[in-house]
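Peer 1: I'll drop the sequence and a predicted model, then ask my questions.
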Amino acid sequence: MRTVVALICHGSRDPKWCDVFKHLTATLQAQNPDQDMHLCYMEIASPTLMDVVSAWTDHIDMPFRVRVLPLFMASGGHVDHDIPTQIAAVAEAFPALDIAMERPIGENPMVITAIGDIVTTLCENG
């Protein structure tokens, strides 16, 4: 079954804030050209998770699975409540869809290792 990835972040009215996440997504897409992924926002900015999944259902044959990757450093109100509420709405709109949320990116051991590497480099370079 094909897996698509929805990178979800908070959202902001500040275009400079959004540009950071757009650049991240473009970089990841360039590194993984065969992987379907799209940036979406939990609130304030668009597209939303529902927008992204709706667009995918228009051009990807079902069934496929969606993995929602929160671009948040840790769990909290948004990750524990708001994003799951949006996922539930998507699941209700598309009952044949396999959709699930991953742990927040900041809790991923690979990210923790990368931050440790950055700290080590900062300390080595004085």
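Peer 2: Structure received.

Peer 1: Let me know the average pLDDT across stretch 72-79.
Peer 2: Average pLDDT, stretch 72-79: 94.

Peer 1: Just the buried positions in that stretch, please.
Peer 2: Phe72, His78, Val79 (16 or more other CB atoms under 10 Å). For glycine as for every other residue, the C-beta is placed from the backbone atoms N, C-alpha and C.

Peer 1: Dump these to TSV, plus secondary structure and distance to Lys16.
Peer 2: Formatted as TSV, the buried residues of stretch 72-79 follow (DSSP: H, G, I helix; E, B strand; the rest coil; distance: CB to CB, whole Å):
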residue	secondary structure	distance to Lys16
Phe72	coil	19
His78	helix	21
Val79	helix	24
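
Peer 1: Strands along the chain, start to end?
Peer 2: Listed in chain order, the strands of the chain (DSSP state E) span 2-9, 37-41, 64-70, 98-101.

Peer 1: How far does the shortest one sit from its chain's centre?
Peer 2: The chain centroid and the centroid of strand 98-101 are separated by 12 Å, computed with CA atoms, centre = their mean, to the nearest Å.

Peer 1: CA atoms of that strand as CSV?
Peer 2: What follows is strand 98-101 as a C-alpha-only set of coordinates in CSV (Å, rounded to 0.1, in the frame of the first residue of the first chain):
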residue,chain,number,x,y,z
ASP,A,98,-5.6,4.4,6.7
ILE,A,99,-4.5,7.6,8.6
ALA,A,100,-2.4,7.8,11.7
MET,A,101,-0.2,10.3,13.5
